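A.B. asks: Just need the structure, nothing else, for what follows:
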Amino acid sequence: MKDTGQPSEWMRKWAHLAANPGTVLDVACGRGRNASWLAQRGHTVIGVDRDPDAVAASAPYGEIVQADIENGPWPFAGRRFNAVVVTKYLWRPLMPTILESLEPGGVLIYETFGVGNEHYNTPRNPDFLLQPGELLRWCADLDIVAYEHGFQASPDHIVQRIVAVRPHDDGSSFSRYPINPGETAGSVCK
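C.D. replies: Okay, the predicted model is just below:
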């Protein structure tokens with residue numbers, strides 16, 4: 001997942017599941033490659049990154065907060081979002097907080113590197129590589145819409161990614177999610 005400055009293809013493929021207009025949290029937003037794309041499509045973007053230069057570059061795309069989310073307090077305590085986007089970032093202690101930040105019906109779009117990546121590219125540190133099925137285990141209480149884990153070329157790397165929807169608080173779940181942006185879900189099953 002070389003940072004080309006282009007928005008994540010995985011995010012672009014699945015962003016149609018987020019309420020639009022909606023509020024999207026971009027975790028470790030960097031210089032705004034995903035935030036820009038989301039804002040252009042009518043979403044209110046909230047981003048967070050610890051790098052002040054990245055925050056300054058992302059600022060035109062929404063509310064961008066400079067915070068060290070690995071060592072400091074979560075800057076969005078009590079807030080929930082229509083979608084949470086995480087790409088090229090892994091800090092395991094934050095995962096429960098990320099999941100709690102989804103509102104009922106909210107969409108998690110997550111993609112990062114997996115074990116095996118150390119043979120091809122950076123990162124190589126196992127602290128930053130997902131174990132097989134790790135995203136599936138974290139999202140066990142969500143409705144899984146899509147999941148991939150495997151090799152991707154150019155540049156070579158191992159990737160793991162998931163799209164999952166938080167069920168509604170009353171326990172109801174919508175079992176039909178369109179997998180293509182032009183499709184509709186038809187009747188809603190509860």
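
A.B. asks: the helices in this structure, which residues?
C.D. replies: For the chain, helices defined by DSSP state H occupy the ranges 9-14, 33-40, 52-58, 95-100, 134-138.

A.B. asks: Lowest mean pLDDT across the ones you listed, which one is that?
C.D. replies: Set side by side, the helices of the chain differ in mean pLDDT, and helix 52-58 is lowest with a mean of 92.

A.B. asks: quick one: buried residues of the longest strand along the chain?
C.D. replies: If you go by DSSP state E, the chain has its longest strand at strand 102-113. The neighbour-count check on strand 102-113 (16 or more other Cβ atoms under 10 Å) flags 102, 103, 105, 106, 107, 108, 109, 110, 111, 112, 113 as buried. Quick note: C-beta positions are derived from backbone N, CA and C, even for glycine.

A.B. asks: Neighbouring strands of it in the sheet, and parallel or not?
C.D. replies: strand 81-87 (parallel), strand 157-165 (antiparallel) (DSSP bridges).

A.B. asks: mean pLDDT lowest for which of those?
C.D. replies: What stands lowest among these, in mean pLDDT terms, is strand 157-165, with a mean of 94.

A.B. asks: contact partners of that strand?
C.D. replies: 1, 10, 14, 17, 105-117, 120-121, 129-130, 132, 134-136, 139, 142-152, 174, 177 (Cβ atoms under 8 Å, 6 or more residues apart in numbering).

A.B. asks: Selection in PyMOL covering whichever of those residues are buried, please.
C.D. replies: Of the contacts of strand 157-165, the buried ones go into a single PyMOL selection, burial set by 16+ other Cβ under 10 Å:
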select buried, resi 1+10+14+17+105+106+107+108+109+110+111+112+113+114+116+117+129+130+134+135+136+139+142+143+145+149+177
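
A.B. asks: Quick check, central residue of the chain?
C.D. replies: The centroid of the chain falls nearest to residue 85 when counting by Cα atoms, centre = their mean (2.4 Å).

A.B. asks: For residue 33, see how far away that one is.
C.D. replies: With distances taken as Cβ to Cβ, to the nearest Å, residue 85 is found 11 Å from residue 33.

A.B. asks: Show me whatever sits in contact with both of those two.
C.D. replies: Common neighbours of residue 85 and residue 33 (Cβ under 8 Å, 6+ apart) are residue 8.

A.B. asks: List the contacts of residue 29.
C.D. replies: 35, 47, 48, 49, 54, 58, 64.

A.B. asks: and if you look at residue 101?
C.D. replies: 25, 76, 79, 80, 81, 84.

A.B. asks: Out of these, grab the one that's most surrounded.
C.D. replies: residue 25 (27 neighbours; other Cβ atoms under 10 Å).
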